[in-house]
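Chemist: quick one, fold the following:
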Amino acid sequence: MSRLLIIIFIISGNIMAQQTTPKEAFLKKWNNSKLYLLEIAESMPEDMYDFKPTEREMNFKDQLLHIRGNMLWLGTTYFSSETFDRDKLRENPPQTKVKAIKALTQAFDFVYEKIKNTDPADFKTEVDFFAGKKSKLQILNLLQDHVTHHRGQLIVYLNLNEIKPPKYVGW
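Modeler: Below you'll find the model as predicted:
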């Protein structure tokens with residue numbers, strides 16, 4: 001009987017060790033999301049960074065910089081004690097493919113560090129958001145959802161230019 005309990009304890013311990021917290025799951029997905037978006041950004045030739053399918057849409061580079069801006073806004077406003085300065089963000093935007101990719105990489109890394117240093121209990125905290133009260137866990141979901149939304153648009157931009165998008169990077 002005692003051997004059976006030990007085996008059950010070992011098996012259940014291994015199963016529980018494989019489970020992740022929302023924070024751990026986010027950080028892993030965030031890194032995969034970063035790698036995937038950077039591959040997409042690399043796939044578009046620099047001379048096509050101004051491409052946009054219609055007049056009402058952002059061009060490829062502006063999509064990347066919009067994603068970056070959203071990451072910095074949400075990461076700063078909801079996961080730090082700093083004040084987000086939208087005007088400073090708009091000063092001297094990256095003009096080249098290399099600089100846009102570097103700025104995007106830095107934004108991903110910034111958010112990663114902010115979330116990594118956030119106490120998991122803090123994700124239950126409700127914050128004022130323009131769409132009403134939201135938990136910081138909901139803000140995490142928004143961070144990833146926003147990247148996914150615009151990354152999907154960028155995949156369409158690549159396809160419209162007959163550039164094969166990189167293979168999907170998931171969980």
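Chemist: any weak-confidence spans in the protein?
Modeler: For the chain, applying pLDDT under 70 flags the ranges 1-19, 171.
Chemist: ranges for the helices of it?
Modeler: Taking DSSP state H, the helices of the chain run over residues 2-18, 22-43, 60-79, 86-90, 97-116, 136-160.
Chemist: for the third one, packing partners?
Modeler: In other words, helix 60-79. Applying 3 or more Cβ pairs under 8 Å, 6 or more residues apart in numbering; DSSP states H and E, one finds that helix 60-79 contacts helix 22-43, helix 86-90, helix 97-116, helix 136-160. C-beta here means a position set from N, CA and C on the backbone, and glycine is covered the same way.
Chemist: relative to helix 22-43, how tilted is the last one?
Modeler: Think helix 136-160. 20 degrees (axes from the mean of the first three to the mean of the last three Cα atoms, to 10 degrees).
Chemist: export the helices of the chain to a markdown table and tack on mean neighbour count?
Modeler: A markdown table is the format used below for the helices of the chain (neighbours: other Cβ atoms under 10 Å):
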| stretch | mean neighbour count |
| --- | --- |
| helix 2-18 | 9 |
| helix 22-43 | 17 |
| helix 60-79 | 20 |
| helix 86-90 | 10 |
| helix 97-116 | 17 |
| helix 136-160 | 16 |
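Chemist: quick one, which of the ones you listed is nearest to Phe123?
Modeler: Phe123 lies closest to helix 136-160 among the helices of the chain, at 4.1 Å (Cβ to Cβ).
Chemist: list the contacts of that closest one.
Modeler: Contacts to helix 136-160, defined as Cβ atoms under 8 Å, 6 or more residues apart in numbering, come from residues 22, 26, 29-30, 33, 36-37, 40-41, 43-44, 51-53, 57, 60, 63-64, 66-67, 70-71, 74-75, 78-79, 111, 115, 118, 122-125, 127, 129, 134, 164-165.
Chemist: hmm, Pro120 is touching Thr21, no?
Modeler: Yes - assessed by Cβ atoms under 8 Å, Pro120 is found in contact with Thr21 at 5.7 Å.
Chemist: can you tell which of the helices and strands packed on helix 60-79 is closest to Gly170?
Modeler: Nearest to Gly170 among those is helix 22-43; the distance by Cβ to Cβ comes to 6.6 Å.
Chemist: show me what that closest one is packed up against.
Modeler: Where contact means 3+ Cβ pairs under 8 Å, 6+ apart, helix 22-43 is packed against helix 60-79, helix 97-116, helix 136-160.
Chemist: in JSON lines: the ones you listed, plus distance to Glu91.
Modeler: Shown next, in JSON lines, are the helices and strands packed on helix 22-43 (distance: least, Cβ to Cβ, whole Å):
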{"stretch": "helix 60-79", "distance to Glu91": "12"}
{"stretch": "helix 97-116", "distance to Glu91": "12"}
{"stretch": "helix 136-160", "distance to Glu91": "22"}
